[in-house]
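# only the shape, not the letters, is given here:
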């Protein structure tokens, strides 16, 4: 979850494929020495999950579905039913990966997390998404509320098309106003898939100091970074006067260019019902940058902007690793 009171330009007009969302009944710049010094044990504690895909067999072109869906605070069943339907629709449209928002089961900082958060991977919530991924033969990345003993985490999962859990990430750069609910994450991970190496972050992880977490996934070999998010504004926010987006556009563009990575963030929409930002609005504006740091799309703005958008992703083999990135990022090699 993160907010923005002022930004850059309005949501651009772009040509993208949008899928109508079926109705669900309510009830519901450069990596350098300073960056290297900032890489912490959190990164070293993570790792790479293998899915038995060799680099020679990576599919460099695929369709990514951006599931900018309504999330109703505390309404677990409604939110999961909506997520399942969106996953089916994304698969019907030929998407290889469906990206869903942050804590799309219960909503960001909703107090119901204390009772309804479930284990990952054993809990009923993630099991439903795993079944949906398997039934529709699609990768699914989604933010979920996780229980581990008496602790609750703001987590995200990457699920394979066989319904297997490939990666779990616990948010690292959580906003201070959520510290009383969500515990601290302690590692980063990537997973090797048929579409390349995928890294996962959650929302404000992308804005950690010096974009350390985004850049760390670049050093870990990511071809694509997926970020479930919940982007919110105060109820009196005027998008014409204060266009939403630069909080994310700047780090996404910077790191995408440095490491030649596609980066996508998807936010939910809808009113925030409870928590520190009660009565604020989650407004979508989901964002994708290509490997040159060009903005491929920014999705519609508004609490009612429930939609699915599709982007044709074309990755390239990693041009370097380790200290290669300092040379590759030199100005004379930027053209």
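That came through, no problem. Bear in mind the structure is a predicted one, so any value in this text is a computation, not a measurement.
# the residue nearest to the spatial centre of the chain: what secondary structure?
Central residue of the chain (C-alpha atoms, centre = their mean): residue 227, 1.5 Å from the mean position. Of the three states, residue 227 takes strand under DSSP: H, G, I helix; E, B strand; the rest coil.
# for residue 255, same thing?
helix.
# could you say which helix or strand contains the nearest residue to it once chain neighbours are set aside?
Distance criterion C-beta to C-beta, 6 or more residues apart in numbering; nearest residue to residue 255, sequence neighbours excluded, is residue 214 at 4.3 Å. From N, CA and C alone the C-beta is placed, and that goes for glycine too. Using DSSP states H and E, residue 214 falls within helix 212-219.
# now do residue 147
Residue 147 is part of strand 139-148 when elements are defined by DSSP H and E.
# that strand - contacts with which helices or strands?
The helices and strands touching strand 139-148, judged by 3 or more C-beta pairs under 8 Å, 6 or more residues apart in numbering; DSSP states H and E, are strand 97-99, helix 124-136, strand 151-159, strand 196-200, strand 224-229.
# among these, which comes closest to residue 284?
strand 224-229 (9.7 Å; C-beta to C-beta).
# thinking again about what came up before, wait, what's in contact with the residue nearest to the centre of the chain?
200-203, 205-206, 263-266 (C-beta atoms under 8 Å, 6 or more residues apart in numbering).
# those in helices, which ones?
Residues of the contacts of residue 227 located in helices (DSSP state H): none.
# among these, which one has the most neighbours?
residue 266 (34 neighbours; other C-beta atoms under 10 Å).
# bridging across strands, which residues link to residue 297?
With DSSP bridges applied, residue 297 shows beta-bridge pairing to residue 288.
# now for it, how many residues are close by?
20.
# can you check residue 135 too?
Around residue 135 there are 14 residues (other C-beta under 10 Å).
# state the distance from it to residue 205.
According to C-beta to C-beta, to the nearest Å, residue 135 and residue 205 sit 30 Å apart.
# so what pLDDT did residue 30 get?
According to the prediction, residue 30 has pLDDT 42.
# for residue 37, same thing?
43.
# got it, and residue 148?
98.
# next: residue 259.
Value listed for residue 259 in the pLDDT field: 96.
# contacting residues for it?
Counting by C-beta under 8 Å, 6+ apart, residue 259 has contacts 31, 215, 218-219, 222, 325.
# what about 7 Å?
Neighbouring residues of residue 259 by C-beta atoms under 7 Å, 6 or more residues apart in numbering: 218, 325.
# isn't the residue nearest to residue 255 up against residue 257?
No - contact criterion C-beta atoms under 7 Å: residue 214 and residue 257 do not qualify, at 11.6 Å.
# among those two, which residue is more densely surrounded?
residue 214 (26 against 19).
# got a list of what that one touches?
Contacts for residue 214 (C-beta under 7 Å, 6+ apart) come out as 201, 206, 225, 251, 255.
# run the last query once more with 6 Å
Neighbouring residues of residue 214 by C-beta atoms under 6 Å, 6 or more residues apart in numbering: 206, 251, 255.
# neighbours of the last one, how many?
Per other C-beta under 10 Å, the neighbour tally for residue 255 reads 26.
# measure it to residue 287 for me?
Distance from residue 255 to residue 287, by C-beta to C-beta: 13 Å.
# ditto for the second one
To residue 287, residue 251 is 10 Å away according to C-beta to C-beta.
# tell me which of the two has more neighbours.
Shown here are residue 251 and residue 287; by other C-beta under 10 Å, residue 287 has more neighbours (27 against 22).
# for residue 254, see how far away that one is.
In terms of C-beta to C-beta, residue 287 sits 13 Å off from residue 254.
# returning to that earlier point: how far off strand 196-200 does the helix holding residue 214 point, in degrees?
170 degrees (axes from the mean of the first three to the mean of the last three C-alpha atoms, to 10 degrees).
# pull out the buried residues from helix 212-219.
212-219 (16 or more other C-beta atoms under 10 Å).
# what about it, distance to the chain center?
In terms of C-alpha atoms, centre = their mean, to the nearest Å, the gap separating the centre of helix 212-219 from the centre of its chain is 14 Å.
# what about the longest helix along the chain, distance to the chain center?
Taking DSSP H as the criterion, the chain has its longest helix at helix 76-92. Centre-to-centre, helix 76-92 and its host chain are 17 Å apart (C-alpha atoms, centre = their mean).
# what mean pLDDT does it get?
When pLDDT is averaged over helix 76-92, the result is 98.
# which of the residues in that helix are buried?
For helix 76-92, the neighbour count (16+ other C-beta under 10 Å) marks 76, 78-91 as buried.
# residue 279: how many residues sit nearby?
10.
# could you count how many residues lie near the closest residue to it other than its chain neighbours?
Spatial nearest neighbour of residue 279, chain neighbours left out: residue 235 (5.5 Å); criterion: C-beta to C-beta, 6+ apart. Neighbour count for residue 235, taken as other C-beta under 10 Å: 12.
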